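K.L.:
Take a look and give me a structure for this.
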Amino acid sequence: MGIFKLKLSQLLVSLVLIVLLAYNSLSIFSVYIPFPAKTAPLLASSSPENVAEKSRRLVSMSSSGKVSSSVMYAVKEEIPVAEKKTLLDLNFTLLHTNQNSLDFIRNESVILHVKRRQSRKALSKIFGQDGEMKRFSKRVKEFFKANSSNSSCKFRFFMTWISSIGNFGDREFFTIESLFKSHPDGCLIIASDSLDSRQGMEILRPFLKKGFRVAAVSPDYNYLFKNTVAKAWIDRLTKGNVNPGEVSFGQNLSNLLRLGLLYNFGGIYIDADMIVLKRFVNLRNAIGAQTVNLQTRNWSRLNNAVMIFDKGHPLLYKFIEEFALTFDGNKWGHNGPYLVSRVVSRVSQRPGYNFTVLPPAAFYPVDWSRIGSLFRAPRNETQSKWMFTKLRQIRGRSFAVHLWNKESRKLEVQQGSIIQHIMSDTCIFCKSTSG
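P.N.:
All right, here's what the predicted structure looks like:
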């Protein structure tokens, strides 16, 4: 009987040792689970970096011949006493964290998939269906036809507004104001989904009450680009096969939209951050230089904030083609100013492209990096002399002034500044010129 009890006790001890060995082996391999780069935060001693360090030590020590003793020794060394955490607690934490990480990855994948679907749905709404074509073309043609019978639409102006109606502020309103001050016989179409609404009509009503001809029309891209390579680009975009990129997609969409409007109807395109100073007489098939090479006096960069072209002009087609074939949504200006610069540099010596490049003074008398100087009032006699000299140059040489909204939107128009003077010259509702 004593022998039986002894064997039984030995058997129990062996089973306990086997269980401990299996338990510690499981703990070791559990610790060695790799983690994604971003996980839920752990205690400082259980952070991914510390856990990784522990796993290397545990594995290296368990590779010795004395498995059970070395593992137990490693556990005692690696788990601080103050932490009061058992291996079972650590194992559970790690497994729980890993599960959270996997759930996070799955959730992120679901969110990304939903965002892509929403993005495609939004793009489909923007670009519309073929049924929209007739409504858009009919509205635009009727607008110009109604105003051409009595010769009241001598100048065809176009603007685009891709942003929300809430972002259409005093500066954009003043662009329209200055346009009609110098072109009371002009017509303006604003291609915009947000302004083509009841609220948009209220914004434009002051101009309509004074008899000016302005309308906001939701654009139809299928109509505008139906016979161009840009139509295939739009189809790929709506199917999710074009990366919109990090640059504002509304900005890039405006770059394309202005080309389609001029190509289909002909006229004058202006950005919504311009102050128009004088009539665009004797300007035809023209684009403005933003900068010139001081040594050669040749233009070094063009800009697409103002363009004057006949309907169907071949240069416009080349612009549209370049947009569709070289679109890059991650480079600012690539699909706008740099695009027109690239194309013009290639075709300028070819026959059949009749156009004029106007000097910077025409639309860009001040570079974007110095636009702040037009908003500041002079503080001394030297600054006053510079201001009045610059003001005379702008009034004499410029058709319009580009305000470079990205740089100047938050600037205050100071009393006595150049901007204050030219706003006083070009306002219709002249209660305030504080911008």
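K.L.:
what are the ranges of the strands in the stretch 101-250 of the chain?
P.N.:
Listed in chain order, the strands of the stretch 101-250 of the chain (DSSP state E, counting those that start in this stretch) span residues 155-160, 186-191, 213-217.
K.L.:
Can you name every helix or strand that the shortest one contacts?
P.N.:
Judged by 3 or more CB pairs under 8 Å, 6 or more residues apart in numbering; DSSP states H and E, the packing partners of strand 213-217 are helix 132-148, strand 186-191, helix 198-209. In short, each C-beta sits where N, CA and C put it, glycine included.
K.L.:
Ends of stretch 390-406, what's the gap?
P.N.:
Using CA to CA, to the nearest Å, the end-to-end distance of stretch 390-406 comes to 22 Å.
K.L.:
Packed most tightly, which of the strands of the stretch 101-250 of the chain would that be?
P.N.:
Most buried of the strands of the stretch 101-250 of the chain by mean neighbour count (mean count of other CB atoms under 10 Å) is strand 186-191; its value is a mean of 24.
K.L.:
Paired strands for that strand, with orientation please.
P.N.:
Taking DSSP bridges as the criterion, strand 186-191 forms sheet pairs with strand 155-160 (parallel), strand 213-217 (parallel).
K.L.:
ok, residues contacting it?
P.N.:
Under the contact criterion CB atoms under 8 Å, 6 or more residues apart in numbering, strand 186-191 has outside partners 140, 143-144, 147, 152-161, 176, 179-180, 204, 212-219, 257, 261.
K.L.:
Show me the shaky parts of the stretch 51-200 of the chain.
P.N.:
The stretch 51-200 of the chain contains residues with pLDDT under 70 at 51-134, 147-152.
K.L.:
so who does K181 touch?
P.N.:
V276, T426, C427, I428.
K.L.:
Out of those residues, who's the most crowded?
P.N.:
Greatest neighbour count in the contacts of K181, by other CB atoms under 10 Å, goes to V276: 28 neighbours.
K.L.:
quick one, phi/psi of that residue?
P.N.:
Dihedral pair for V276: phi -80, psi 130, per degrees, to the nearest 10.
K.L.:
That one and I308, how far apart?
P.N.:
13 Å (CB to CB, to the nearest Å).
K.L.:
I308: neighbour count?
P.N.:
Using other CB under 10 Å, I308 has 25 other residues around it.
K.L.:
Need phi/psi at it.
P.N.:
Main-chain torsions, I308, degrees, to the nearest 10: phi -120, psi 110.
K.L.:
Looking at the helices and strands packed on strand 213-217, which is nearest to Y269?
P.N.:
strand 186-191 (9.8 Å; CB to CB).
K.L.:
Output the contacts of K181 in JSON lines, with pLDDT appended to each entry.
P.N.:
Shown next, in JSON lines, are the contacts of K181 (pLDDT from 0 to 100):
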{"residue": "V276", "pLDDT": "98"}
{"residue": "T426", "pLDDT": "97"}
{"residue": "C427", "pLDDT": "97"}
{"residue": "I428", "pLDDT": "97"}
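K.L.:
I am finished for the moment; much appreciated.
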